[in-house]
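**Student:** only the shape, not the letters, is given here:
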């Protein structure tokens, strides 16, 4: 079997070193590796010089802290990987939609974002209407269909959900997205420029820190920039504050979905307390302006450190009492347990990431498996649970929230001295870099390639939601439709992060 | 049971007063920007060049900052050689007219209340349908937070509702993607008149960083008549709350006790 190039998180390599395999070799490599425990981190197309599409795959061997990279060329069609590698399912749909390349034999080849193909392939394409596709339908007596969205009941982003139901029981859920497509990736080509960092900060607004960190780590590798240790620590604090705000918000929302209002109220407030800590550092609750190429846009002085420590202590006490109510309440537990179950084998088959995977017993966490920045020096324990249900996804969040608080405390106590921003040099040409960051939803992956001028020839963003939307759809199989809000919140996936 | 009650006591009362004391906002909060044009060197365009959204333009009449395009980032500040650009801590940014966001050193014309008839209808009960049309979940999150016990939007008679048919207006976030245009128009049409339209965040007002993308409509203005613009990226919840309260005429009488 052909071998991929072994690379490290955030270490750029010359593009010419990326193995260009024959199509058949490439297929065998991806299928063989994923069958023996590797995980598909990225699989995407980018235009080659000769007009063909070059497919690149990034595989992760989490247990060996190894990333593997290889590529191949495809014409207008190629034999799909999906029948032999389910993890490729969503990726190949994206490839087909973006480049008008047909993965032959793909069992579920439908648009994922509803846009015209890129480049010349998109010329003269018909009008595309989001949500108009060939939905899977179940037929039979007493079968009915429930369609929800794109505009949902709450204040959330748009997406379309089709349930095939028998009475209250959901036989199948199909999720159709694309309503949030803003053209983020295309806008990054030819950069970096003054707009780039702002695209990354708003690519997924609730993961501003996660995505700007992945971007900055890519840029810093391409420019051989040494980020000062103090800035690395500040970034770690920011990433954990982002995780805390969102995990706490999710725990509150999960409580709300089972009508347990005390925790819903307390956590709704506490979520804001963590956002306000980010705002103490950088003036913005979403952390905008904090992570900047070369380091951090803001420094903190002793008074601010003390203020953060005090607020963290208070929030930690309040959070503990608010969340422990959940585990003491049998009515909450009976709704959380055995709801929206994902088995360990399904988790592996789909390649789920983040708390959803850790709730199935997998210790998969970029901070530990592929550490970068401050996580190389200050390891953070992985939190897992093994029941794969709503309870496990909630409990993993609680464990992680506690460890994030401990981590921030430690960082504030031992913050290195020195500057927080290093100057950037010129960007290396004809390079490729893969960066991974454990955002609060899971693995944020960016793959940047530069051209001969040192500009982005292509920029690929893979939000953890991209891996996990299918997990939500399958978690709803045989569930009561009334459990959808609860299951949905237990994944809490990003629409704009998927649609880009 | 006992534990639930003890926790309730421990968590305490958390709803903030409004208008708020200035301590409610962090020291580094970036509110209304202030450009001291007197400091500008001749022919300097550093801030306009650095601005990622072309919010700053410089012509013969001087320098203009469009708060509807502004991301409230620090790029212009860092570029300015004369330290002439600062953010004040003033969170009260919402306006009624798009032109009011074009700042040339004047005092910001804060949002006035709705006309008498609609104000009488909505002043004590305003139900809004929120539509995210390409929003990044920054604005959406900080709209949601208004319904928590901290801000307790319900006490002002304002509520977000599920059905447009139960709503008095729309609060729109995002640059309006091509893929959400139809859904937005249908949602608007489903709201019974009279109805108000609120554009929240740089994206909804101008397209924000996504302005000019073929995938978006550059905000709401070309599609619907907007009654309230709330600038920011994302606007602070207090900015949004302030705008909503001004719109329904709940704030004018309390102005004297608000921020200095």
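**Tutor:** Alright, I've got the coordinates. None of these values were measured; they are calculated from a predicted model. Numbering: from 1, shown residues only, chains lettered A, B, ... in the order given.
**Student:** which bits of the stretch 201-350 of chain A sit near chain B?
**Tutor:** Applying CB under 8 Å from any CB of the partner chain, we find that the stretch 201-350 of chain A lies next to chain B at A:202-206, A:208, A:249, A:262, A:265-266, A:268-269, A:271-272, A:275-276, A:279-286, A:288-289, A:297-298, A:318, A:321-322, A:325, A:328. From N, CA and C alone the C-beta is placed, and that goes for glycine too.
**Student:** just the mean pLDDT for whichever strand in chain B runs longest, thanks.
**Tutor:** When chain B is parsed with DSSP state E, its longest strand is strand B:126-132. Per-residue pLDDT over strand B:126-132 has a mean of 97.
**Student:** wait, does the very next helix or strand once past it contact chain A?
**Tutor:** Heading C-terminal from strand B:126-132, the first helix or strand you meet, by DSSP states H and E, is helix B:138-144. Yes - counting by CB under 8 Å from any CB, chain A is contacted by helix B:138-144 at B:138-144.
**Student:** how about the helix or strand in which residue A:249 is found: buried residues?
**Tutor:** Assigned by DSSP H and E, residue A:249 belongs to helix A:229-257. Within helix A:229-257, the residues that qualify as buried are A:229-257, counting by 16 or more other CB atoms under 10 Å in any protein chain shown.
**Student:** one step back: what does the longest strand of chain B contact?
**Tutor:** A:151, A:155-158, A:180, B:139-140, B:143, B:157-164, B:166-174, B:180, B:183-184, B:187, B:191, B:196, B:198, B:244, B:247-248 (CB atoms under 8 Å, 6 or more residues apart in numbering or on different chains).
**Student:** quick check: mean pLDDT across the host helix or strand of residue A:210?
**Tutor:** Following DSSP H and E, one finds residue A:210 within helix A:208-222. Averaged over helix A:208-222, pLDDT sits at 97.
**Student:** could you pull out the strands in the stretch 101-250 of chain A for me?
**Tutor:** For the stretch 101-250 of chain A, the strands defined by DSSP state E, counting those that start in this stretch cover A:102-104, A:143-148, A:160-166, A:169-176.
**Student:** mind checking pLDDT for residue B:257?
**Tutor:** With respect to pLDDT, residue B:257 scores 44.
**Student:** out of the residues of helix B:138-144 next to chain A, who's nearest chain A?
**Tutor:** Chain A lies nearest to residue B:138 out of those, by CB to the nearest CB, at 3.1 Å.
**Student:** how many neighbours does the residue nearest to that closest one when sequence neighbours are not counted have?
**Tutor:** Nearest residue to residue B:138, sequence neighbours excluded (CB to CB, 6 or more residues apart in numbering or on different chains): residue A:205, at 3.1 Å. Applying other CB atoms under 10 Å in any protein chain shown, we find 28 residues neighbouring residue A:205.
**Student:** wait, residue A:205 sits on residue B:134?
**Tutor:** No - between residue A:205 and residue B:134 there is no contact under CB atoms under 8 Å: 10.9 Å.
**Student:** need the residues touching each of these two.
**Tutor:** Taking CB under 8 Å, 6+ apart as the criterion, residue A:205 and residue B:134 both touch residue A:496.
**Student:** residue A:44 bridge partners, please.
**Tutor:** residue A:56 (DSSP bridges).
**Student:** need the contact list for it.
**Tutor:** A:55-56, A:91, A:94-95, A:98, A:447, A:460.
**Student:** hmm, stretch B:57-73 in reach of chain A?
**Tutor:** Yes - using CB under 8 Å from any CB, stretch B:57-73 reaches chain A at B:71-73.
**Student:** top of those by neighbour count?
**Tutor:** With neighbours taken as other CB under 10 Å, the top of the residues of stretch B:57-73 next to chain A is residue B:71, carrying 26 neighbours.
**Student:** just confirm that residue contacts residue B:53, I think it does.
**Tutor:** Yes - the criterion here is CB under 8 Å, and residue B:71 meets it with residue B:53 at 5.9 Å.
**Student:** return every residue with contacts to both of the two.
**Tutor:** The contact lists of residue B:71 and residue B:53 share A:198, B:202, B:208-209, where a contact means CB under 8 Å, 6+ apart.
**Student:** point out the ones among those residues that are inside helices.
**Tutor:** A:198, B:202 (DSSP state H).
**Student:** scan the shared contacts of residue B:71 and residue B:53 and report the most crowded one.
**Tutor:** Going by other CB under 10 Å, residue B:202 tops those with 32 neighbours.
**Student:** next up, the contacts around the residue nearest to that residue when sequence neighbours are not counted.
**Tutor:** Using CB to CB, 6+ apart and skipping the chain neighbours, the partner closest in space to residue B:202 is residue B:208 (3.6 Å). Contacts were defined as CB under 8 Å, 6+ apart; by that measure residue B:208 touches A:202, B:53, B:69, B:71, B:175, B:201-202, B:219, B:233.
**Student:** in a markdown table: those, plus distance to residue B:26 and pLDDT.
**Tutor:** What follows is the contacts of residue B:208, written out as a markdown table (distance: CB to CB, whole Å; pLDDT from 0 to 100):
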| residue | distance to residue B:26 | pLDDT |
| --- | --- | --- |
| A:202 | 21 | 97 |
| B:53 | 24 | 97 |
| B:69 | 24 | 97 |
| B:71 | 18 | 97 |
| B:175 | 27 | 97 |
| B:201 | 19 | 97 |
| B:202 | 20 | 97 |
| B:219 | 28 | 96 |
| B:233 | 16 | 96 |
